[in-house]
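# no sequence for this one, just the structure:
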């Protein structure tokens with residue numbers, strides 16, 4: 001009798017195990033389209049066996065099955081490109097860190113469908129704030145993790161402080177004296193550069209080069225008088241820059257340039273600009289990497305100009321690189337680091353506790369979250385404009401579903417058979 005009753009209980013544990021397996025598979029299938037979802041699998045183990053003394057000595061008979069654990073499978077899911085820059089996926093190990101607006105414990109997720117709220121916080125679709133490192137006005141990142149927030153919607157202007165200009169000046173150009181009122185006819189070199197004052201106003205400055213002696217060039221800037229303090233609109237104002245000296249090999253020997261060149265802009269702070277025309281020999285340079293004096297060219301001309309000023313810019317777009325660095329693109333053509341998304345990794349992510357919303361919390365078994373930046377310390381990289389899809393493979397789940405179904409049917413047969421045998425036993429006493 002004990003064997004038959006034991007068979008009933010063994011079959012019942014099999015029914016429970018198959019039901020749990022179907023539940024796990026059902027959850028996987030239900031979340032096959034959930035962003036960042038990680039499938040699970042059930043692990044079973046046999047129960048303690050019963051000892052039976054037979055003719056050959058003690059032996060054992062099993063007493064069913066029980067659930068050992070349900071393991072999350074943190075294999076990499078495929079990526080779906082969305083084109084939304086705040087959508088992020090993790091290629092490799094790691095989790096995004098989020099928590100509620102009112103604080104509380106950190107939670108961890110692979111779902112990177114983020115957006116900015118009305119306060120500029122980077123949040124999940126459920127409203128939890130993404131953790132990372134914010135930047136100051138110069139784009140320097142903090143070392144303290146906090147809510148990622150972008151409030152810098154405008155980039156203040158920067159006055160031009162340095163201009164680098166390279167040119168080739170023809171040694172055969174006529175020698176003459178510069179006249180700012182007849183600049184076109186008293187110079188052989190002409191180019192223009194846009195400069196910015198402290199208010200972000202742009203000013204076009206025309207730079208003229210006049211061949212004043214063999215191997216000597218006088219450089220001057222000319223600005224409309226309406227932009228210079230004390231000037232008259234429509235009347236050019238000369239801004240002397242200095243002279244350039246070349247040797248008989250056409251190499252730049254020295255730059256006799258005022259440092260800095262002072263320009264009194266109307267209504268703005270006084271401009272102080274450093275001009276650099278190349279690597280002069282007297283400065284330890286090669287004399288040829290910047291400006292030069294060589295012939296067999298059509299005319300004296302500039303071949304490189306750069307300046308470091310810019311006007312006011314409005315935030316136009318957001319970008320995120322593989323390190324999770326959030327960069328803003330502004331309407332003045334400049335970019336600035338606005339923050340960086342943090343990632344966390346665990347020694348045993350399969351032991352994380354699920355709390356719903358596709359989020360997890362750390363447990364004693366998972367180990368403590370090791371927080372840092374992407375592509376460091378074993379953490380993966382961030383893929384912007386994409387989301388990680390569920391790693392559930394439907395074909396595998398359907399096969400598992402069939403197997404659990406058959407197991408359930410087989411265990412029900414065990415119970416039916418044991419019940420039929422018990423019925424025969426009860427018939428003996430009638």
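Yes, it's here. In this text the structure is predicted, and so the values were computed from the model without any measurement. Numbers count the residues shown, from 1 in each chain.
# Low-confidence bits of the stretch 301-430 of the chain, can you list those?
429-430 (pLDDT under 70).
# what are the ranges of the strands in it?
Along the stretch 301-430 of the chain, the segments classed as strands by DSSP state E, counting those that start in this stretch run 301-307, 313-320, 325-330, 335-345, 353-356, 359-361, 370-373, 381-384, 386-388.
# Mind checking those strands for the one nearest to residue 107?
With CB to CB as the measure, strand 359-361 is the member of those nearest residue 107 (4.1 Å). Just so you know, the C-beta spots here come from the backbone N, C-alpha and C atoms, and that holds for glycine as well.
# Take the strands of the stretch 301-430 of the chain and lay them out in TSV including distance to residue 122 and mean neighbour count.
Conversion of the strands of the stretch 301-430 of the chain to TSV gives the following (distance: least, CB to CB, whole Å; neighbours: other CB atoms under 10 Å):
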stretch	distance to residue 122	mean neighbour count
strand 301-307	34	14
strand 313-320	10	16
strand 325-330	8	21
strand 335-345	7	22
strand 353-356	20	12
strand 359-361	16	20
strand 370-373	15	17
strand 381-384	12	22
strand 386-388	15	21
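# could those strands go into JSON lines alongside distance to residue 137?
Formatted as JSON lines, these follow (distance: least, CB to CB, whole Å):
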{"stretch": "strand 301-307", "distance to residue 137": "21"}
{"stretch": "strand 313-320", "distance to residue 137": "13"}
{"stretch": "strand 325-330", "distance to residue 137": "12"}
{"stretch": "strand 335-345", "distance to residue 137": "8"}
{"stretch": "strand 353-356", "distance to residue 137": "37"}
{"stretch": "strand 359-361", "distance to residue 137": "33"}
{"stretch": "strand 370-373", "distance to residue 137": "21"}
{"stretch": "strand 381-384", "distance to residue 137": "24"}
{"stretch": "strand 386-388", "distance to residue 137": "30"}
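# To residue 287, which of these lies closest?
strand 301-307 (15.6 Å).
# Please name the strands paired to that closest one in the sheet, noting orientation.
strand 162-168 (antiparallel) (DSSP bridges).
# Work out the gap between the partner strand and the centre of the chain.
35 Å (CA atoms, centre = their mean, to the nearest Å).
# Following element in sequence after that strand, please.
Per DSSP states H and E, the first helix or strand lying C-terminal to strand 162-168 is strand 189-196.
# Next, the angle strand 162-168 makes with that next one.
Put simply, strand 189-196 runs at 160 degrees to strand 162-168, going by axes from the mean of the first three to the mean of the last three CA atoms, to 10 degrees.
# nearest to residue 215, of the strands of the stretch 301-430 of the chain?
So among the strands of the stretch 301-430 of the chain, strand 301-307 is nearest, using CB to CB, at 18.4 Å.
# and residue 6, what pLDDT?
You'll see residue 6 listed with a pLDDT of 69.
# now residue 152
For residue 152, the pLDDT comes out at 82.
# what's the burial count for it?
Residues lying near residue 152 (other CB atoms under 10 Å) number 19.
# Repeat that for the one 10 residues further on.
By other CB under 10 Å, 14 other residues sit near residue 162.
# again, but for residue 276
18.
# Can you tell me who it pairs with across the strands?
Assigned bridge partners for residue 276, using DSSP bridges, are residue 164.
# List the residues that contact it.
162-165, 255, 257, 290 (CB atoms under 8 Å, 6 or more residues apart in numbering).
# what about burial for those residues, which qualify?
When the contacts of residue 276 are checked for burial by 16 or more other CB atoms under 10 Å, the buried set is 163, 165, 255, 257, 290.
# SS state for residue 274?
Following DSSP: H, G, I helix; E, B strand; the rest coil, residue 274 is assigned to strand.
# Now do it against residue 189, distance only.
Taking CB to CB, to the nearest Å as the measure, residue 274 and residue 189 are separated by 20 Å.
# Would you map out the domains in the chain?
According to automatic domain parsing, the chain is divided into the following domains: 2-75+391-428, 81-155+314-385, 162-307.
# mind checking how far the longest helix that the chain contains is from the chain centre?
Secondary structure assigned by DSSP state H gives helix 394-428 as the longest helix of the chain. From the chain centre to the centre of helix 394-428 is a distance of 53 Å (CA atoms, centre = their mean).
# Please apply the same query to stretch 82-102.
Centroid displacement of stretch 82-102 relative to its chain, using CA atoms, centre = their mean, is 10 Å.
# Same question for stretch 353-367.
For stretch 353-367 - counting by CA atoms, centre = their mean - the centre lies 25 Å from the chain centre.
# next one: stretch 254-266
Centre-to-centre, stretch 254-266 and its host chain are 41 Å apart (CA atoms, centre = their mean).
# So which bits of stretch 34-49 are buried?
35-42.
# wait, what's in contact with residue 281?
Residue 281 neighbours (CB under 8 Å, 6+ apart): 247, 251-254, 287.
# Need the pLDDT of it.
95.
# shouldn't residue 401 be in contact with residue 22?
Yes: counting by CB atoms under 8 Å, residue 401 does reach residue 22; the two are 6.7 Å apart.
# how many other residues sit next to residue 153?
Residue 153 has 12 neighbouring residues, counting by other CB under 10 Å.
# just curious, which of the contacts of residue 281 is nearest to residue 301?
Top of the list for closeness to residue 301, among the contacts of residue 281 and by CB to CB, is residue 252 at 15.7 Å.
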